[in-house]
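[1] What shape does this take:
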Amino acid sequence: MPTSNSKTILVVDDDQDLLDLLAFVLSSEGYDVMTASDGREALDVVEDKMPNLILLDMKMPVMDGWKFAAAFHARYDEITPIVVVTAAENAEKRAGEIGASGWISKPFDVGSLVRVVRQQLTAV
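    The predicted structure follows:
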């Protein structure tokens, strides 16, 4: 269960099943999870509440991860880390393209996901 002092994670992905899975796993770990199915929706979410970490898919309709990252960095001075979650061949390259602080390649195992999230939230 999220607590009043839990960290907030925004998960942005157009795959509803994956979005639901990530929200379930991260909520089970005690994080407050917000979700968005594309970059434009994600910008609306962060306008209401700035997360401590963003997990971002790159290829999405409406607004993809590249456009979201550019708009996010242009609008906010926040030092909110972004972790790219992608099935692209070179996840590290995709992360570098947007100045992300990390990456997770799809498919991934839940243990690795939780480990990366903890590392990112410890670093901020």
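[2] Helix or strand: which one has Gln120?
    Here Gln120, judged by DSSP states H and E, is contained in helix 110-123.
[3] For that helix, which outside residues touch it?
    If you take Cβ atoms under 8 Å, 6 or more residues apart in numbering as the criterion, helix 110-123 is touched by 7, 9, 22, 25-26, 29, 31, 52-53, 55, 81, 83, 101-102, 104. Backbone N, C-alpha and C define where each C-beta goes, glycine included.
[4] starting at the chain centroid, how far to it?
    12 Å (Cα atoms, centre = their mean, to the nearest Å).
[5] Out of the contacts of helix 110-123, grab the one that's most surrounded.
    Across these, neighbour numbers were computed from other Cβ atoms under 10 Å; Leu55 holds the maximum, 26 neighbours.
[6] pLDDT value on that one, please?
    The per-residue pLDDT reported for Leu55 equals 97.
[7] isn't it right up against Leu21?
    No. In this structure Leu55 lies outside contact range of Leu21 using Cβ atoms under 8 Å: 11.7 Å.
[8] How about the residue most central in space within the chain: which residues does it bridge to?
    Nearest to the geometric centre of the chain sits Leu55, at 1.2 Å (Cα atoms, centre = their mean). Counting by DSSP bridges, Leu55 is bridged to Val11, Val83.
[9] now it: how far from His73?
    Distance of Leu55 to His73, given as Cβ to Cβ, to the nearest Å: 16 Å.
[10] now Asp109
    Per Cβ to Cβ, Asp109 is found 30 Å from His73.
[11] Of the two, give the one with the bigger neighbour count.
    It is His73, of Asp109 and His73, that has more neighbours when counted by other Cβ under 10 Å, with 14 against 9.
[12] what helix or strand does Arg40 sit in?
    For Arg40, the host element (DSSP H and E) is helix 39-48.
[13] Could I get the average pLDDT for that helix?
    In this model, helix 39-48 carries a mean pLDDT of 96.
[14] what's the spacing between it and its chain's center?
    Centroid displacement of helix 39-48 relative to its chain, using Cα atoms, centre = their mean, is 12 Å.
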